[in-house]
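**Student:** from the sequence below, what's the structure:
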Amino acid sequence: LLKITGTDHVLGHKLWAKDFPQFSEVIHTKYLVVGGGISGLSACRFFHQNHEKDYLLLEMENHLGGNSSNGQNQFSKFPLGAHYLPLPNKENTEIIEFLKESGICLGTEENGEPVLDEYQMTFPQQERLFFKNSWQNDIVPQKGISADTQNELTRFFKMMDAFRVKKDAQGKYWFAIPVHDSSKEDEVVELENILFRDWLKEQHFQSEELLWLLDYSCRDDYGLGIDYVSAWAGIHYFAGRKNNWSKTYKDQVFTWPEGNARLTRHFFKYTEEKHLSGHLVFDVKINDKVEVLSFDNSSEKTKKIIAEKVLFATPQFVNERIFDNKKASSFHYVPWLLTTITLRNEFGGDEELAWDNVIYGSSGLGYIYDQHQNINQILGEKVITYYKSFSTADCKKARKGLYAMKEAELKTLVLEDLKKAHPLIEDFILEMQFHKIGHAMIAPVPGQIFGKAAQTAKEAMDHKIFFAHSDLSGISIFEEAFYQGTRTAAQMIS
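**Tutor:** Predicted structure coming up:
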C-alpha cells in the first residue's frame with residue numbers, strides 16, 4: 001500500500017489568483033493571529049497568560065501545528081515534520097517554563113538540576129551509524145578511521161567547545177538561541193557572509209569522514225549542506241546549544257512517537273474556541289483598525305475580520321502574496337520528503353533499532369524508529385520514518401520535482417537509499433506513506449540571518465501589523481518559532 005500526503009499547497013496557490021467571493025460575515029477581535037504553527041500558537045499562549053483573552057487564530061490547513069504535526073496508523077503515531085527538541089540552554093527561561101507547564105520538566109532539585117520525565121526522552125540506543133558495512137553506536141564515524149581523520153575530529157570539536165562559550169565585550173554569546181540574542185560584532189557577522197565549506201577549507205579541514213558528518217548535520221537541521229549554508233550557521237549547529245541546563249542528561253533529547261506534534265498539543269488549551277482552520281487570508285487593509293479578508297475553504301465563503309492589531313505568523317513566501325511591499329526572493333525554502341514505512345515485525349532480526357539510524361554517505365538523513373519509547377515489548381509491526389531534504393542550489397526546481405513525483409518514483413528513491421543498510425527491506429514492507437513538504441524550512445544561506453532582507457521583513461507596519469516566523473530567524477527550529485511568537489506578542493500588548 002503506497003499513499004501520498006502533504007501540505008495543502010493547492011489552497012495556498014489560490015493566493016496567486018485571488019479569485020475569492022465578496023465577504024458575507026464580519027468578525028471583531030482585538031488581536032488576530034494568522035498562522036497556526038509554533039509561532040502563532042506561542043503568541044496565543046502569551047496573550048492568554050498576560051490576561052488578553054480577546055484574540056482569534058486563523059490557519060490555512062485543517063489542523064494546527066505547521067511542521068510540528070503528525071499522522072497515525074494502527075501500530076503507532078508518527079511525525080509529519082519536526083521530531084525532537086534538544087534540552088534548552090539554562091538561559092532559555094521561557095522555554096523551560098513551557099516545559100514545566102507541559103509536564104516535561106517535573107521540577108528542579110536544590111542544586112539546580114532539572115527533574116525531567118525520562119519517558120519523554122530518548123532511551124539507549126539513541127543513535128547509530130551504518131559505516132563500512134556494519135552498524136556502530138553514535139553518528140561520528142569511528143571504525144577504522146585514519147589517525148589524520150581522528151586528529152581532525154578532535155581539533156574540530158575542540159574549536160566548537162571554544163565557540164560554545166565565546167562572548168563579546170558586551171557579554172553576548174557569539175552563538176545564541178534565539179539567534180536574535182547573538183553578538184552582532186563584525187567578526188561574528190563576517191562568519192555569516194561566507195560558506196561553511198569555505199571556512200572549513202580555510203581551517204584546513206579535509207577529512208572525508210568529518211566533512212560528511214558536518215554536511216549531514218547541516219542537512220538535518222537546515223535542509224542544506226555545507227556547500228550552501230553560512231559558516232555562522234554551520235558553527236551554530238554545534239555551538240548554539242550550551243549543554244548547561246542539566247549535568248545528568250547531556251546528549252539526550254526530548255522526543256515522542258508523534259514527534260513535536262506532542263508539543264503542539266500543549267498549546268491547544270490556548271486556542272480552544274479561539275481558532276478557525278481551513279481559512280486562507282488573502283487581503284489586508286489598515287484603516288482605524290486592520291481589516292483582513294479570509295476565505296473559508298469548507299463553506300467557500302469569505303469573512304472579514306476587524307482587529308486592533310494583527311500578527312502574521314506566516315512564512316515570507318505567503319506574506320509576499322498578501323503585502324505589496326513584502327518580497328521573499330532572498331528566502332530559500334528547502335523541500336523535504338518524509339516516508340513512514342510499516343514493516344513486518346521480523347525486520348531487523350535480532351539487531352536493536354536505535355531511535356535515530358543514519359547511513360554514511362547517504363543522500364537521505366536516515367530514519368527514526370517511531371516506537372523507540374514503547375516500554376512494552378513490540379510484538380506487532382514496526383513503524384519507521386525516513387527523512388530526506390533536497391540539498392541543492394535550486395530549491396524551486398527541487399520543489400517542482402518533488403511535487404511531480406508519483407508513488408513508484410518515490411518508492412524507488414527511498415528504497416535505493418535504505419537498501420545500502422537493509423538490502424532485503426522490501427520483503428518486509430506492508431505500507432509506505434510519503435509526505436511532501438514543499439517549503440519545509442528556511443535555509444541559513446550566507447546573509448540570511450544578519451542580512452537586510454530578514455530585518456526588513458520583521459518590521460511592523462503602523463504599529464498595527466506585526467510579523468513572526470522562524471524564517472525571520474533564518475533557522476527553522478522549535479525554539480526560534482517559540483521566541484518569534486512570544487516576543488512579538490509581547491511587543492503587540494506593550
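**Student:** could you verify my assumption that residue 108 touches residue 115?
**Tutor:** Yes. Assessed by Cβ atoms under 8 Å, residue 108 is found in contact with residue 115 at 6.7 Å. Quick note: C-beta positions are derived from backbone N, CA and C, even for glycine.
**Student:** could you say which helix or strand holds the residue lying closest to residue 352 once chain neighbours are set aside?
**Tutor:** Spatial nearest neighbour of residue 352, excluding adjacent residues (Cβ to Cβ, 6 or more residues apart in numbering): residue 125 at 6.1 Å. When elements are assigned from DSSP states H and E, residue 125 belongs to no helix and no strand.
**Student:** residues contacting residue 24?
**Tutor:** Residue 24 makes contact with 301-303 under the criterion Cβ atoms under 8 Å, 6 or more residues apart in numbering.
**Student:** mind listing the helices for the stretch 151-300 of the chain?
**Tutor:** 186-192, 196-202, 208-222, 231-239, 261-265 (DSSP state H, counting those that start in this stretch).
**Student:** can you check the stretch 1-150 of the chain too?
**Tutor:** With DSSP H, counting those that start in this stretch as the criterion, the stretch 1-150 of the chain has helices spanning 9-12, 14-17, 38-49, 93-101, 147-165.
**Student:** out of those helices, deepest packed?
**Tutor:** Of the helices of the stretch 1-150 of the chain, the one with the most neighbours on average (mean count of other Cβ atoms under 10 Å) is helix 38-49, at a mean of 25.
**Student:** now the angle from that helix to helix 93-101?
**Tutor:** Interaxial angle, helix 38-49 versus helix 93-101 (axes from the mean of the first three to the mean of the last three Cα atoms, to 10 degrees): 80 degrees.
**Student:** starting at the chain centroid, how far to helix 38-49?
**Tutor:** Distance of helix 38-49 from the chain centroid (Cα atoms, centre = their mean, to the nearest Å) equals 18 Å.
**Student:** ok, longest strand in the protein?
**Tutor:** Counting by DSSP state E, the longest strand found in the chain is strand 429-442.
**Student:** adjacent strands (with direction) for that one?
**Tutor:** Strand pairing for strand 429-442, determined by DSSP bridges: strand 2-6 (parallel), strand 333-343 (antiparallel).
**Student:** most tightly packed of those strands?
**Tutor:** For these, the highest mean count by mean count of other Cβ under 10 Å goes to strand 333-343, at a mean of 24.
**Student:** can I get the CA coordinates of that one in CSV?
**Tutor:** What follows is strand 333-343, C-alpha atoms only, in CSV (Å, rounded to 0.1, in the frame of the first residue of the first chain):
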residue,chain,number,x,y,z
TYR,A,333,13.0,27.2,1.5
VAL,A,334,14.1,23.6,1.3
PRO,A,335,11.7,20.9,0.2
TRP,A,336,11.5,17.7,2.3
LEU,A,337,10.2,14.2,1.9
LEU,A,338,9.1,12.1,4.9
THR,A,339,8.3,8.5,4.3
THR,A,340,6.7,6.4,7.1
ILE,A,341,7.1,2.7,6.5
THR,A,342,5.3,-0.1,8.3
LEU,A,343,7.4,-3.2,8.4
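**Student:** kind regards, and thank you for your time.
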